[in-house]
Structure formats: C-alpha cells, structure tokens
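Q: Pasting a predicted model and its sequence here:
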Amino acid sequence: MLKLDGCVIENGKFSLRADFAVEAGASIAIIGPSGAGKSTLLEAIAGFRDLKQGKIFWDGYLISKLAPGKRPLAMLFQDGNLFPHLTVEQNISLGLRSNGRLSIDERSEVQFALDRVALSGLGDRKPAELSGGQQSRVALARVLVQRRQMLLLDEPFAALGPALKAEMLDLVAGLLTETGTTLLMVSHDPQDARRIACQTILVADEKAHPPAPTRYLFDNPPPSLRDYLG
C-alpha cells in the first residue's frame with residue numbers, strides 16, 4: 001500500500017495537501033485542472049520534490065527520506081527522455097545500469113522487454129528511425145526492465161493520436177495485470193481514466209483528494225471537477 005500521511009508539497013508559492021492511501025496493485029488516474037498540482041504530486045511521490053510536511057510510506061516502510069533511485073517505483077515522463085544518439089537496446093539498458101554494461105541475463109531482460117512491447121527486431125535502431133508510438137514503447141520498455149512495484153506515468157502518451165494512445169493504455173493495462181504493479185497516471189483526458197483506472201484522484205483547490213471509483217466520480221463530479229470538464 002502507498003500512503004501519503006499529512007503531506008504538504010510546495011512548488012514555488014504553490015502548496016498542495018495530500019492525505020490518502022492507494023492499495024497495492026491498483027490502477028489510479030490523477031486528474032484535475034491545469035496547474036492544480038498533478039505533476040507536483042507525482043514528483044513528490046517519486047522523490048524529485050521534497051515534502052514540507054508529512055511522510056510517504058510503501059507497505060509500511062517510510063520512503064519519503066529515500067533518494068529517487070532507492071524508491072520502489074519507476075516514472076515515465078511526458079517526453080519519454082530517450083537519448084537520440086543511443087540505439088533502442090541501449091536506451092532500454094539504462095533502466096538496468098546507468099553505464100549500459102549488462103550481463104548476459106540482463107541482456108535477455110532487455111530482449112524480453114522488447115518482445116513485450118512488440119518491438120522485437122528493432123533494438124539496433126535509433127529513436128529518430130521510429131514512429132512516435134514506437135518511441136513511447138521504448139520508453140515503456142525501459143521502465144519495465146526496472147521491475148519496480150509502482151509505475152508513475154506523467155502523461156507520456158499525450159502527444160499520440162487517439163488510436164495510438166488507446167493502444168498504449170491497453171498495453172500498459174495488460175502488463176500491469178501480469179505483474180501486479182501499482183499505477184498512478186496523470187491525465188487531462190477523462191476517457192484515459194475510464195479506460196485504465198479503477199479509481200481516480202482529483203487534484204483541485206490545492207488538495208489531492210482520496211481515490212474514488214472512477215465511474216462514480218465522473219458520473220457525479222464535485223463542483224471543481226464539473227467546472228474543469230465543462
């Protein structure tokens with residue numbers, strides 16, 4: 001279980017409160033108006049932003065004092081952060097070792113990840129030789145090889161067309177079902193939440209509200225969400 005206990009997160013003059021728990025293995029969407037603090041919330045959970053107040057726990061263990069790389073999670077950002085001068089295999093290898101020097105077993109893990117995201121045979125290509133959807137698959141494969149207990153997605157598929165985005169969301173959902181990984185996914189699109197998330201966290205009015213069933217939340221939106229959805 002992920003638990004944010006009395007957390008206050010600051011980003012410049014902006015402050016966000018968060019006090020909620022997420023069950024292990026759940027798929028959670030994070031939605032709210034632009035500038036409400038959705039990415040700020042993920043950054044705090046990942047360790048890229050310090051807490052002003054409160055604590056973060058995973059399975060009862062305090063993780064809010066751990067460096068980002070020591071936390072039981074992987075994070076996929078909006079632009080994918082692929083290195084253009086490296087091959088697909090080399091980019092994925094960075095998920096295992098920062099120097100890219102892998103053992104035989106680790107190389108097998110990279111190939112397995114390529115297979116899982118349907119990019120088998122493309123490992124020697126550079127990102128520029130791939131489509132946008134294929135680049136997103138490479139970035140996803142890089143977080144898969146890390147085998148972390150939580151996956152944080154900060155709108156990594158926002159630049160894709162509707163069909164490709166739906167395909168990537170379905171791929172993520174399938175992989176999470178296989179591994180039991182906990183998902184927290186920032187999105188501005190209610191359809192993304194409906195497609196993949198059993199529960200949704202509304203971030204609005206300087207607060208990250210506790211997870212609520214996705215269908216219920218969108219069928220009965222509070223005023224702040226109703227204003228956002230129009």
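A: Happy to help now that I have it.

Q: in this protein, which ranges drop under the pLDDT threshold?
A: Where the chain drops to pLDDT under 70, the residues are 79-80.

Q: Would you map the strands across it?
A: For the chain, applying DSSP state E gives strands covering 2-11, 14-22, 27-31, 51-58, 61-62, 73-76, 150-154, 182-186, 199-204, 207-208, 212-213.

Q: Now do the longest one and strand 182-186, the angle between them.
A: Spelled out, it's strand 2-11. 30 degrees (axes from the mean of the first three to the mean of the last three CA atoms, to 10 degrees).

Q: helices and strands around strand 2-11, which ones?
A: When contacts are defined as 3 or more CB pairs under 8 Å, 6 or more residues apart in numbering; DSSP states H and E, strand 2-11 packs onto strand 14-22, helix 38-46, strand 51-58. Where C-beta positions appear, they are placed from N, C-alpha and C, glycine not excepted.

Q: one more time with 10 Å, if that's ok
A: Packing partners of strand 2-11 (3 or more CB pairs under 10 Å, 6 or more residues apart in numbering; DSSP states H and E): strand 14-22, helix 38-46, strand 51-58, strand 207-208.

Q: Out of those, which is the most enclosed?
A: helix 38-46 (a mean of 23; mean count of other CB atoms under 10 Å).

Q: From Gln111, how far out is the residue of the chain most remote from its centre?
A: Distance from the C-alpha centroid of the chain, by CA atoms, centre = their mean, peaks at Ile104 (28.5 Å). Distance of Ile104 to Gln111, given as CB to CB, to the nearest Å: 11 Å.

Q: Could you check how far the residue farthest from the centre of the chain is from Ser224?
A: When Ile104 is compared with Ser224 (using CB to CB), they lie 53 Å apart.

Q: Same question for Phe83.
A: 39 Å.

Q: More neighbours: the two, which one.
A: With neighbours defined as other CB atoms under 10 Å, Phe83 and Ser224 compare such that Ser224 has more, 17 against 11.

Q: I'd say that one and Ala36 touch.
A: Yes: using CB atoms under 10 Å, Ser224 is in contact with Ala36, at 8.5 Å.

Q: Are there residues contacting both of those two? Which ones?
A: 202-205, 207 (CB atoms under 10 Å, 6 or more residues apart in numbering).

Q: doesn't Tyr228 make contact with Ser34?
A: Yes: between Ser34 and Tyr228 there is a contact under CB under 10 Å: 8.8 Å.

Q: Give me the more crowded residue out of the two.
A: Taking other CB under 10 Å, Ser34 and Tyr228 do not tie; Tyr228 has more neighbours (17 against 7).

Q: what's the burial count for the nearest residue to the more buried one once chain neighbours are set aside?
A: Nearest non-adjacent residue to Tyr228, counting by CB to CB, 6 or more residues apart in numbering: Pro33, 4.7 Å away. A count of nearby residues for Pro33, using other CB under 10 Å, gives 17.

Q: List the residues that contact Pro33.
A: 188, 202-205, 224-225, 227-229.

Q: from these, which is closest to Gln78?
A: His188 (11.1 Å; CB to CB).

Q: hang on, the closest one packs against Ala158?
A: Yes: using CB under 10 Å, His188 is in contact with Ala158, at 7.4 Å.
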